[in-house]
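1. Fold the following, please.
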Amino acid sequence: MSFTGEQIQQLAAPLDGSKVKTRPQGRQQVSYLEGWQVIDFANEVFGFDGWSRETVLAECVSQQEKNLSSGSGWGVTYTAKVKVTVGNVVREGFGAGSGNDRDLGQAHESAIKEAETDAMKRALMTFGYGFGLALYDKTQANVENGNSHQGSSGNRSSSTPKPSRKAQSAKPSAENTPFVEGAKELAQYGKENGLTAQEIKGFCSENNLPTKGSDFTTKAQVDTLAALIQDAIQNKSQEQAA
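-> Okay, the predicted model is just below:
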């Protein structure tokens with residue numbers, strides 16, 4: 001399918017900073033979008049009948065008795081894979097969710113809902129900044145209204161690499177632009193975490209990204225590559241653990 005000019009403008013627009021929420025995670029604040037906001041934006045951009053989502057995998061990876069503040073209960077963790085389809089464009093995302101409740105059934109329900117929502121957000125994120133892609137950049141340069149919510153993305157581990165930026169005074173060239181440097185660093189990061197060069201080229205090709213680092217020309221391309229590499233690393237880790 002071909003997106004309309006209005007849709008392309010919406011997808012390329014910065015993320016509205018008023019939609020970004022934060023929560024503590026370890027020693028840092030994590031930025032994220034709520035699931036209903038992502039669904040609302042998808043309805044706005046693609047139309048209520050212009051997109052669909054399908055949970056293609058949901059697996060309970062942990063279930064154990066747990067001491068809760070209200071008494072003994074259960075802790076449950078799920079992983080999920082969700083497919084989002086917009087016309088003939090298909091994107092997939094993996095997510096995880098946990099549930100804690102005195103009732104085992106309620107714990108399972110909470111965990112699977114959270115995992116499905118997390119996976120859906122990861123899939124939709126690849127369409128543009130407004131779906132949370134902007135939060136994968138630690139500087140949050142494409143979050144409107146400044147960096148008041150600056151932190152690590154709620155959809156990404158704090159280990160996500162930040163592409164280096166050359167000094168603005170440097171003369172751009174095919175070898176020193178921040179986009180080229182960022183793409184090369186991300187590829188190296190992927191290789192250090194178990195990805196092969198062929199795998200990286202493969203999902204670059206599948207997502208209409210350049211297959212050579214020297215061909216990266218926009219920040220959006222680098223941001224998308226960062227998200228794809230992190231998801232691929234997570235997927236490989238889950239496969240090895242299975």
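2. where does the residue located most distally from the centre of the chain fall, phi/psi-wise?
-> Each residue of the chain has a distance to the centre, and by CA atoms, centre = their mean the biggest one is for residue 71: 35.2 Å. Main-chain torsions, residue 71, degrees, to the nearest 10: phi 130, psi -170.
3. so who does it touch?
-> The contact partners of residue 71, by CB atoms under 8 Å, 6 or more residues apart in numbering, come to residue 102. The C-beta positions use only the backbone N, C-alpha and C, and glycine is treated the same way.
4. quick check: domain ranges of this protein?
-> Split into domains by automatic domain parsing, the chain comes to 7-158, 159-242.
5. Show me what the residue farthest from the centre of the chain is bridged to.
-> Beta bridges link residue 71 to residue 68 when assigned by DSSP bridges.
6. Next: residue 77.
-> residue 62, residue 98.
7. can you pull out the strands in the protein?
-> For the chain, the strands defined by DSSP state E cover 21-25, 28-32, 52-68, 71-86, 89-101, 152-153.
8. Turn these into JSON lines, including mean pLDDT and distance to residue 235.
-> What follows is the strands of the chain, written out as JSON lines (pLDDT from 0 to 100; distance: least, CB to CB, whole Å):
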{"stretch": "strand 21-25", "mean pLDDT": "81", "distance to residue 235": "22"}
{"stretch": "strand 28-32", "mean pLDDT": "82", "distance to residue 235": "20"}
{"stretch": "strand 52-68", "mean pLDDT": "93", "distance to residue 235": "11"}
{"stretch": "strand 71-86", "mean pLDDT": "94", "distance to residue 235": "9"}
{"stretch": "strand 89-101", "mean pLDDT": "92", "distance to residue 235": "6"}
{"stretch": "strand 152-153", "mean pLDDT": "44", "distance to residue 235": "17"}
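9. closest one to residue 9 among the ones you listed?
-> Residue 9 lies closest, by CB to CB, to one member of those: strand 71-86, at 16.1 Å.
10. Can I get that closest one in CSV, CA atoms only?
-> In CSV, the C-alpha atoms belonging to strand 71-86 read as follows (Å, rounded to 0.1, in the frame of the first residue of the first chain):
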residue,chain,number,x,y,z
GLY,A,71,-0.8,-12.3,51.7
SER,A,72,0.4,-15.3,49.8
GLY,A,73,-0.3,-15.3,46.1
TRP,A,74,1.1,-15.8,42.6
GLY,A,75,3.6,-14.2,40.3
VAL,A,76,3.3,-14.9,36.6
THR,A,77,5.2,-13.8,33.6
TYR,A,78,4.3,-14.1,29.9
THR,A,79,6.0,-13.3,26.6
ALA,A,80,3.9,-12.5,23.5
LYS,A,81,4.4,-11.8,19.8
VAL,A,82,1.9,-9.5,18.1
LYS,A,83,1.5,-8.9,14.4
VAL,A,84,0.2,-5.5,13.2
THR,A,85,-1.1,-5.2,9.6
VAL,A,86,-1.7,-2.0,7.8
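11. Sounds good, over and out.
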